[in-house]
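Enquirer: can't give you the sequence, but here's the structure:
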């Protein structure tokens, strides 16, 4: 008999607290377990082994709340067949990105093909990693590289000491066969393709047949085609909407054929994370700085909001993604760790990793002017 477990932080009760502690408290199941105790009833131990497939057919129906969507957890799919949960991931609850993720979660639950675009660091790839990891959806990720021959995703001509032969690639096998669990089920894959707008015309054409609305098929050697396993989900991420670089910042982005874009059932634009969500993530990533200088994160938060507002108004010709925030805060933590001191000008000193990365002197001066009022002692 499987019973409920009570969350030690807020009192929420459920047989499995893993999704709750991620969404509500920004903790992974492993982090919560180390700090507060188990996230599930002992009766679930076999079914929820994170490192090995279950030894028996689970007899319970586990669901998680992902951005307001009740999604089933496929307990007979091991974590190793899924994308990895991003470090310190939390489902956004504030600002435009929360609405973006909420609608994308509905499409994910319904198995729709999706085209998700947005500025760097808006959590596009992270969404699919988190959904795959938390729902145990088997998934593979591929990255588009301009000019690369992606035919090997589907098949390749190889040889050994005895003969030449055709090898079916990982995408062909995934699209055709799905993932077979230890309980014998065939589960359709989620196929994530990143940087899709960097693909050449020939590369995007390889997906035309796969995403046919009548019956998806995948091309093998000698012109042989195989039906795509029903339920297979193709999701792609990009920095642009498919019309090429409109801002002069994503120069490797290409125009995508409209008939290819039309085959994606759902399209969403993602926005930067609200600091109410991003702040806790940054704090979890840099615990040493949090312990030594907790007020620094408030200053970083105010500066981040100001920079992004200037970017949105096109007053500042740059990007300021979550990666940029982590670079700034990370260098501040490095300084504390290496020197063993807490300099009074810590945030000003560490901000040079951002300022020095600006494309020209004018932009460098502008971003320093924007950040200056929000940093104790100023940046200048």
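Expert: Happy to help now that I have it. Worth saying up front: this structure is predicted, and the values here are computed from it rather than measured.

Enquirer: buried sites along the helix or strand harbouring residue 140?
Expert: Using DSSP states H and E, residue 140 sits in strand 139-143. In terms of neighbour count (16 or more other CB atoms under 10 Å), strand 139-143 has its buried residues at 139-142. C-beta coordinates here come from the backbone N, C-alpha and C atoms, glycine included.

Enquirer: what about the stretch 151-300 of the chain, any weak spots by pLDDT?
Expert: Where the stretch 151-300 of the chain drops to pLDDT under 70, the residues are 214, 245-251.

Enquirer: how about the helices in it?
Expert: Ranges of helices within the stretch 151-300 of the chain are 170-177, 201-205, 258-261, 275-285, 287-292, 296-312, based on DSSP state H, counting those that start in this stretch.

Enquirer: In CSV: those, plus mean neighbour count and distance to residue 10.
Expert: Output for the helices of the stretch 151-300 of the chain, formatted as CSV (neighbours: other CB atoms under 10 Å; distance: least, CB to CB, whole Å):
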stretch, mean neighbour count, distance to residue 10
helix 170-177, 19, 39
helix 201-205, 16, 46
helix 258-261, 13, 43
helix 275-285, 19, 15
helix 287-292, 15, 21
helix 296-312, 19, 23
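
Enquirer: for these, which one sits closest to residue 147?
Expert: helix 201-205 (8.6 Å; CB to CB).

Enquirer: Any idea what the residue lying closest to residue 235 once chain neighbours are set aside is bridged to?
Expert: In this structure, residue 235 finds its nearest non-sequential neighbour in residue 114, 4.5 Å apart by CB to CB, 6 or more residues apart in numbering. Residue 114 has these beta-bridge partners by DSSP bridges: residue 235, residue 266.

Enquirer: I'd like to know how many residues surround residue 114.
Expert: The tally of other residues near residue 114 (other CB atoms under 10 Å) stands at 22.

Enquirer: Over to residue 161?
Expert: By the criterion of other CB under 10 Å, residue 161 has 4 neighbours.

Enquirer: for residue 149, same thing?
Expert: For residue 149, the count of nearby residues is 10 (other CB under 10 Å).

Enquirer: residue contacts, the residue nearest to residue 235?
Expert: Counting by CB atoms under 8 Å, 6 or more residues apart in numbering, residue 114 touches 104, 107-108, 233-236, 264-268.

Enquirer: ok, back up a step: using CSV, please lay out the helices of the stretch 151-300 of the chain together with distance to residue 128.
Expert: As requested, the helices of the stretch 151-300 of the chain are exported to CSV (distance: least, CB to CB, whole Å):
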stretch, distance to residue 128
helix 170-177, 15
helix 201-205, 19
helix 258-261, 19
helix 275-285, 17
helix 287-292, 27
helix 296-312, 23
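
Enquirer: which one of these lies closest to residue 240?
Expert: Among the helices of the stretch 151-300 of the chain, the nearest to residue 240 by CB to CB is helix 258-261 (11.3 Å).

Enquirer: And residue 229, how close does it get to residue 112?
Expert: Distance, residue 229 to residue 112, by CB to CB, to the nearest Å: 16 Å.

Enquirer: Residue 8 too?
Expert: Distance from residue 8 to residue 112, by CB to CB: 37 Å.

Enquirer: And for residue 220?
Expert: 26 Å.

Enquirer: do the same with residue 285
Expert: Taken as CB to CB, the span from residue 285 to residue 112 is 32 Å.

Enquirer: Okay, residue 371 and residue 74: tell me how far apart.
Expert: Distance from residue 371 to residue 74, by CB to CB: 46 Å.
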